[in-house]
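Novice: Fold the following for me, if possible:
(one chain, ligands or ions: 1)
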Amino acid sequence: MHLTAENLAARRGEDLIFVNISFHLAAGEALVLTGINGSGKSTLLRVVAGLLRPEKGTVIFHGEESLGGRDPGEVSHYLGHRNAMKSELTVAENLDFWRTFLGNTGSAPLSVEDATDAVGLSGITHLPFGYLSAGQQRRIAFAKLLVAHRPVWILDEPTAALDASADRLFADLIMTHLEKGGIVLAATHQPLGLRNAQELKMTGFAGVDSGIWG
Ligand SMILES: Nc1ncnc2c1ncn2[C@@H]1O[C@H](COP(=O)(O)OP(=O)(O)OP(=O)(O)O)[C@@H](O)[C@H]1O
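Specialist: Numbering: from 1, shown residues only. Predicted structure coming up:
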């Protein structure tokens, strides 16, 4: 299993945000994107997740079973800045929705109860998501990754709004995913404590006229 990006470039509005981004991740490997605000980390993650079309280049996932490449969006969990949960639905209803919507592409996922337990919040699944604190909401958003199996986790600032214990908990869940042969791409301003992660420092792009389209 591997995920390969070649010569990616992306534009937001009129502006090129980055060019010539390439990386290769095999099973069990992580790539951490760092860089100042606005340097293009979220943009790159959205391109890999299939939410934005790249201006140039390709990103392809090869699984163990299939000979051809697949669109990474089909095999990825994407945790963006927003939590993608409905405030008025309960925690259990939100996670049930995602479990059904995402389906399953392999290993057995956790039940809603076990997933909320894994993020330290098993007692509150009956509450509307909107009642939870910011950190609790982020923990439940992370539990979404556990109720349906996806080999690739794409995480944009996963630890924003979290306390130190949740930081460690998320790092442990990410490490477990990697140990089981998963792949992780994460943008972060805080060290996630991942061992052996590759780092890609995004710098933004300041040379639109440098002939990259040749
Ligand atoms: N929809 C959009 N239209 C036009 N420009 C955009 C759009 N979304 C983002 N941008 C611009 O793209 C650039 C990269 O933004 P991006 O969100 O990828 O950065 P980032 O590195 O993730 O930043 P942060 O650390 O603040 O999350 C920024 O200059 C931003 O203003």
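Novice: so is the closest residue to Asp71 other than its chain neighbours in a helix, a strand, or just coil?
Specialist: Of all residues beyond its chain neighbours, the one nearest Asp71 is Gly50 (5.6 Å), with distances taken as Cβ to Cβ, 6 or more residues apart in numbering. C-beta coordinates here come from the backbone N, C-alpha and C atoms, glycine included. Assigned by DSSP: H, G, I helix; E, B strand; the rest coil, the conformation of Gly50 is coil.
Novice: Just give the number of residues close to Thr100.
Specialist: Number of residues near Thr100 (other Cβ atoms under 10 Å) recorded here: 10.
Novice: pretty sure it is in a helix, no?
Specialist: Yes: membership of Thr100 in a helix is supported by three-state DSSP.
Novice: So what touches the helix ranked longest in the chain?
Specialist: With secondary structure taken from DSSP state H, the chain has its longest helix at helix 164-179. Helix 164-179 has contacts (Cβ atoms under 8 Å, 6 or more residues apart in numbering) with 28-30, 118-120, 135, 138-139, 142, 145-146, 153, 155, 158-159, 162, 184, 186, 190, 192-195.
Novice: Return the set of buried residues in that helix.
Specialist: 166-167, 169-171, 173-175, 177-178 (16 or more other Cβ atoms under 10 Å).
Novice: do the same with stretch 153-167
Specialist: 153-159, 162, 166-167.
Novice: Checking the most centrally placed residue in the chain next. Helix, strand or coil?
Specialist: Geometric centre of the chain, nearest residue: Ile154, 1.6 Å, by Cα atoms, centre = their mean. Secondary structure for Ile154, judged by three-state DSSP, is strand.
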